[in-house]
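J.: Just a sequence and a predicted model for now, questions to come.
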Amino acid sequence: MLPTPCGVAPAAAASPCPLLLLPRRHRRLLLLPALRAASVSLSAAASHAHDAVLLRRAAGVADRSAGLTSPHPNFGCVIARPQLETDNAEAWVVGEGFLYAQGTPCAELLAAQEAGEHARGATAYLNLEPGDCYGDSTAVSTLVQAGITRVVVGLRHPLKHLRGKAIQSLRNEGIQVDVVGEDLHSKLFKEALKSCLVVNAPLLYRAAFRVPFSVLKYAMTADGKIAASSGHASWVSGKSSRGRVFELRGRSDAIIVGGNTVRLDDPRLTARHVKGHVPVRIVMSQSLNLPEEANLWNVNDAYTIVATQRGARRDLQKKLALKGVEVVEFDMLNPRDVMSYCYDRGYLSVLWECGGTLAASAISASVIHKVYAFLAPKIIGGVNAPTPVGELGMNQMTQAIDLIDVSYEQIDRDMLMSGFIQPIPDLSPVIPSVDEMPSIDPEVSPYETNIISFYKTWDTFGAFSNFSPHPIHMPDETGDYFTWLTVEHYYQAHKFIGVDSPQAREIIQEIKLAKSPEEAARIGRTRQREFQELVRPDWDSIKTDVMYRAIKCKFSTYSHLTDMLLSTAGSVLVEASPHDLFWGGGREGEGMNYLGRLLMQLRSEILGTIQTTVEVGEPA
């Protein structure tokens with residue numbers, strides 16, 4: 001009989017544990033499978049913990065591109081392999097990289113180059129499934145050639161024509177692919193998944209709701225006022241908070257204000273003090289009751305769009321157009337239609353810095369997704385002093401909109417509170433069926449076959465864009481051959497080639513050094529507006545020839561692009577930029593679509609050459 005523990009009465013019907021009656025050696029043999037199972041369970045938990053840490057790191061790496069150039073899908077890749085001498089997952093990293101902008105090397109390629117031979121047998125962590133912006137599956141082939149044996153993916157790609165394709169391609173190559181929420185279910189991945197969602201919130205909202213991700217930002221006093229009763233608002237928040245606003249602007253495609261803001265504050269709305277991307281400025285004004293002179297009409301600082309009601313103040317529209325301001329008319333001006341227009345322009349993220357009336361209208365239209373509220377330790381009072389959000393039609397506190405996933409941050413003397421109005425759509429668990437996936441052959445694509453549109457490089461035919469990441473070897477200003485990063489680099493530089501001026505040559509060098517086609521375009525367009533005398537005098541008559549030479553070189557250099565172009569035979573190609581009325585199709589098809597025309601011309605030339613070759617080669 002085994003001894004009874006002190007203070008515990010023996011149970012009459014209880015019998016001793018049979019294991020305890022066996023010799024110790026036999027007990028150990030019987031317990032070994034259970035001990036092994038426990039060890040495996042602990043090992044799996046440790047592995048999941050390491051995976052979660054490295055996936056969060058991939059999301060953090062992906063976020064490094066925000067604010068450097070126009071927002072795009074944020075891709076980060078971290079390559080890691082376990083080191084026996086340490087259990088610190090961060091120390092296992094042998095390579096990492098991020099997509100700087102559309103038209104630049106993909107994250108996987110940069111990470112593999114940094115890892116070198118250490119990538120063989122390693123695991124790659126991707127915050128987002130690769131998107132084929134190259135037209136040749138560079139991301140997938142890079143991981144395969146680097147010798148990666150396992151890939152951990154935070155989210156499937158939210159765009160339907162890309163979702164699941166890279167994952168399946170990797171699995172077809174024999175690489176183990178684990179997707180969070182599908183193959184990895186541990187609670188340890190909760191924060192990692194959240195990081196992946198947040199870093200690509202703009203793309204996810206755009207894919208789910210067909211509008212850009214919209215952030216409402218305002219600064220208010222402790223008693224909830226954004227200005228004094230007189231309208232004076234400089235400054236509600238402190239200098240550090242205003243610096244954070246510049247950062248928010250630098251991460252956005254566009255900034256929206258109303259007419260009152262222009263009239264009362266005369267803002268510039270630039271991302272000054274922050275290097276890199278400069279967002280478009282949009283003014284919403286139904287009546288076009290705007291001053292003829294304003295800081296926003298200086299388009300040398302940034303591009304400006306005025307959205308108004310159709311037919312409003314034609315005289316002012318003409319004056320603004322002469323200053324380089326784009327005026328867009330709507331049948332009925334409202335936030336929903338303006339956001340649909342921004343969606344068509346390819347914008348991912350929009351920052352609203354408007355007054356309370358427009359803010360309320362945007363919230364009511366369900367186009368605001370996140371709020372950044374800067375709270376200053378001040379009291380201004382005033383019954384008529386404006387508040388951040390106007391009338392929403394709610395008369396009970398139970399109707400109030402609750403913010404989700406709220407966070408707080410002390411910024412000097414101010415407090416920043418941020419939270420989502422609508423939850424981030426998690427599209428990753430949705431696995432499309434085969435018939436939902438576009439075929440590689442565009443002729444059997446579920447999209448229109450008679451008209452094939454392309455615009456951004458993440459589109460199905462995005463490789464046709466002059467912004468696609470395909471370097472071309474063409475002459476520069478000296479006549480020597482130079483490797484231009486993209487067709488857009490070559491095109492923008494040629495605005496100034498042939499002009500006998502040191503300043504023109506400096507601009508050409510500035511364009512050559514631009515890290516992305518977005519930056520090259522911004523430099524070329526800005527300098528063209530600033531220094532019209534430096535633009536070659538024959539530019540308008542030769543620019544289509546310059547573009548054609550560049551795209552002809554591009555397609556002759558990359559055979560897979562030629563195959564893609566030939567596969568569109570019988571279809572009309574349309575560059576779908578809604579705001580480019582020369583190279584693109586325009587908002588309502590009113591554009592001249594010269595880029596689409598040149599591609600169709602090139603396609604005809606190639607088909608003609610093939611036909612001639614076949615005829616010559618045929619026996620008599």
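T.: On my side now, so go ahead.
J.: Residue 186: neighbouring residues, count only.
T.: Here the neighbour count serves as a burial measure; for residue 186 (other CB atoms under 10 Å) it reads 15. Yep, even glycine has a C-beta here, placed from its N, CA and C like the rest.
J.: Need the nearest residue in space to it, chain neighbours excluded.
T.: Counting by CB to CB, 6 or more residues apart in numbering, residue 186 lies nearest to residue 48, which is 4.3 Å off, once chain neighbours are set aside.
J.: okay, now residue 478: neighbour count?
T.: The burial metric for residue 478, expressed as a neighbour count using other CB under 10 Å, is 10.
J.: State the pLDDT value of the nearest residue to residue 498 once chain neighbours are set aside.
T.: The shortest distance from residue 498 to any residue that is not its chain neighbour, by CB to CB, 6+ apart, is 5.1 Å, and that residue is residue 536. Looking at residue 536, its pLDDT is 95.
J.: Please identify the helix or strand for residue 536.
T.: Assigned by DSSP states H and E, residue 536 belongs to neither a helix nor a strand.
J.: got the contact list for it?
T.: Counting by CB atoms under 8 Å, 6 or more residues apart in numbering, residue 536 touches 494, 495, 496, 497, 498, 499, 542.
J.: Now the first one: closest residue in space, sequence neighbours ignored.
T.: If I follow you right, that is residue 494. residue 546 (4.8 Å).
J.: mind checking how far that neighbour is from residue 471?
T.: Using CB to CB, to the nearest Å, one obtains 17 Å as the distance from residue 546 to residue 471.
J.: do residue 222 as well
T.: Using CB to CB, one gets 55 Å for the distance from residue 222 to residue 471.
J.: more crowded one of these two?
T.: Regarding residue 222 and residue 471, a neighbour count based on other CB under 10 Å identifies residue 471 as having more, with 17 against 12.
J.: which SS class is residue 220?
T.: When states are read from DSSP: H, G, I helix; E, B strand; the rest coil, the local structure at residue 220 comes out as strand.
J.: And for it, the neighbour number?
T.: Using other CB under 10 Å as the criterion, residue 220 is surrounded by 21 other residues.
J.: wait, what's in contact with it?
T.: When the contact criterion is CB under 8 Å, 6+ apart, the partners of residue 220 are 226, 236, 373, 374, 375, 376, 387, 388.
J.: Now intersect those residues with the strands, please.
T.: Among the contacts of residue 220, the subset assigned to strands under DSSP state E consists of 373, 374, 375, 376.
J.: Which element is encountered next along the chain beyond the strand or helix carrying residue 56?
T.: Element membership for residue 56, per DSSP H and E: helix 24-62. Remark: after helix 24-62, the chain's next helix or strand is strand 76-80, criterion DSSP H and E.
J.: okay, the residue nearest the centre of the chain: pLDDT?
T.: By CA atoms, centre = their mean, the chain has its centre lying nearest to residue 72, at 2.3 Å. Predicted confidence (pLDDT) for residue 72: 75.
J.: Could you pull up phi and psi at the nearest residue to it once chain neighbours are set aside?
T.: Computed as CB to CB, 6+ apart, the closest residue to residue 72 that is not its neighbour in sequence is residue 102, at 4.8 Å. Dihedral angles phi and psi of residue 102 (degrees, to the nearest 10) take the values phi -60, psi 140.
J.: distance of residue 252 from residue 270?
T.: Between residue 252 and residue 270 the distance is 12 Å, computed by CB to CB.
J.: Which residue of the two possesses the greater neighbour count?
T.: Neighbours per residue (other CB under 10 Å) separate residue 252 from residue 270, with residue 252 holding more: 30 against 19.
J.: does that one really touch residue 350, like I thought?
T.: Yes. Between residue 252 and residue 350 a contact is recorded at 6.2 Å, counting by CB atoms under 8 Å.
J.: Could you give the number of residues near residue 85?
T.: The tally of other residues near residue 85 (other CB under 10 Å) stands at 6.
J.: would it count as being in a strand?
T.: No. Counting by three-state DSSP, one finds residue 85 to be coil, located in no strand.
J.: re the thing from before, neighbours of the residue nearest to residue 494, just the number please.
T.: Other residues near residue 546 come to 18 when the count uses other CB under 10 Å.
J.: repeat for residue 547
T.: Applying other CB under 10 Å, we find 20 residues neighbouring residue 547.
J.: picking that back up, for residue 204, see how far away the residue nearest to the centre of the chain is.
T.: As for residue 72, its distance to residue 204 is 13 Å (criterion: CB to CB).
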